[in-house]
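> Structure of the sequence below:
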Amino acid sequence: MMPIILRRLATSVLILLAVSVLVFVATLLLPGDPAQAILGQQATPERLAALREQMNLNDPVWQRYLTWLGGLFIGDFGVSAASGGAVSALLGERIGASLVLLVAAGAISIPVGLLLGTYSALRRGRAGDHIATGTSLVLAALPEFVIGIALVTLFSTTVFTILPSVTMAPPGEPVWNYPQQLILPTLTLVLVVTPYIIRMMRATMLEVLESGYVEMARLKGVPERQVILKHALPHALSPVAQVVAIQLAWMAGGVVVVEFLFRYPGIGQALVDAVTNRDVQVVQVLAILIAAVYIVVNLLADVVGILTNPKLRTGGAR
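Residues are numbered from 1 along each chain as shown. Sure, this is the predicted structure:
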């Protein structure tokens, strides 16, 4: 089992390095002069030259990439060209705010999706199954901004006015001090992610319940509760872990739209501001951060899939 995990880890490191090259090259291909975009059209040649030197724009491309990559390894993310402050200090609170939002959404969507998917499989063809599958199909077809706008319309404007439509925490104060402002963005992410988990868990559970080893356990007189918990559920979790990982990884990128919609002070709003201000250093760090989260979550899903799949465990042991 350990060689399989080590191979996955090595592959993840190589993918992350490749992503870092793509992110760096993509920022180089952005049109216009970064120094000119920051200082404006009225900037003097001397100020432009000084800012280009500060941003290392005069160095060869390969040297700029290695300097940037080396800084990432030691936690030096550079200096924001727009604000003049360290990128790490600028993004510290934003990352914390997004982490709170993602953890809250994941803590709700994963258990709810697994439970509803299992319930739907066990009640196949009944009313509960039809309601769960129909609702999940409708929600899965809607983009996150449509769900967010619908929630704002329902709970903040037209029908009810019980929740704030945007985040209005004072600057410098943690957003979790105002939990009511977390409800709508968290609920939006939950409603986007949960349907996919429900549908995958239902399909996988149905396949496992019809398998030979489950039928054999039932023929031996094993109680149905034990059949589900000890025989069916562990085999169903392995493929579902991949879907959960994809959805969690999507949240790392999809949170950009949700945060922009609710004016939530996280990495999504920071990325939009950085692109608007042509703050290349911030864009690079946020892009590689989102990619790293995606890769790490998928790596953890591979590990969970190996640990919950007896075939992979015994195959790795051999």
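
> Kindly state the beta-bridge partners for residue 79.
residue 86 (DSSP bridges).

> Tell me the spacing between it and residue 109.
Distance of residue 79 to residue 109, computed by Cβ to Cβ, to the nearest Å: 37 Å. The C-beta positions use only the backbone N, C-alpha and C, and glycine is treated the same way.

> Of those two, which one has the most company?
Set side by side, residue 79 and residue 109 show more neighbours around residue 109, with 25 against 18, by other Cβ atoms under 10 Å.

> And the helix or strand where the more buried one lies, what's buried?
Taking DSSP states H and E as the definition, residue 109 sits inside helix 87-122. Buried positions in helix 87-122, judged by neighbour count with 16 or more other Cβ atoms under 10 Å: 87, 90-91, 93-98, 100-102, 104-106, 108-110, 113-114, 116-122.

> how about the helices in the stretch 1-150 of the chain?
Counting by DSSP state H, counting those that start in this stretch, the segments of the stretch 1-150 of the chain that form helices are 2-28, 34-39, 45-54, 61-74, 87-122, 127-140, 144-152.

> Next: the stretch 151-300 of the chain.
Going by DSSP H, counting those that start in this stretch, the stretch 151-300 of the chain shows helices at 183-209, 212-219, 224-226, 233-262, 267-276, 280-308.

> most centrally placed residue in this structure?
residue 252 (2.2 Å; Cα atoms, centre = their mean).

> got a pLDDT number for that one?
Here, the pLDDT recorded for residue 252 equals 76.

> Equivalent analysis for residue 123, please.
86.

> Looks like it contacts residue 129 (just checking).
Yes: assessed by Cβ atoms under 8 Å, residue 123 is found in contact with residue 129 at 4.7 Å.

> Could you measure from the nearest residue in space to residue 132 that is not next to it in sequence over to residue 181?
Nearest residue to residue 132, sequence neighbours excluded (Cβ to Cβ, 6 or more residues apart in numbering): residue 120, at 4.2 Å. Per Cβ to Cβ, residue 120 is found 33 Å from residue 181.
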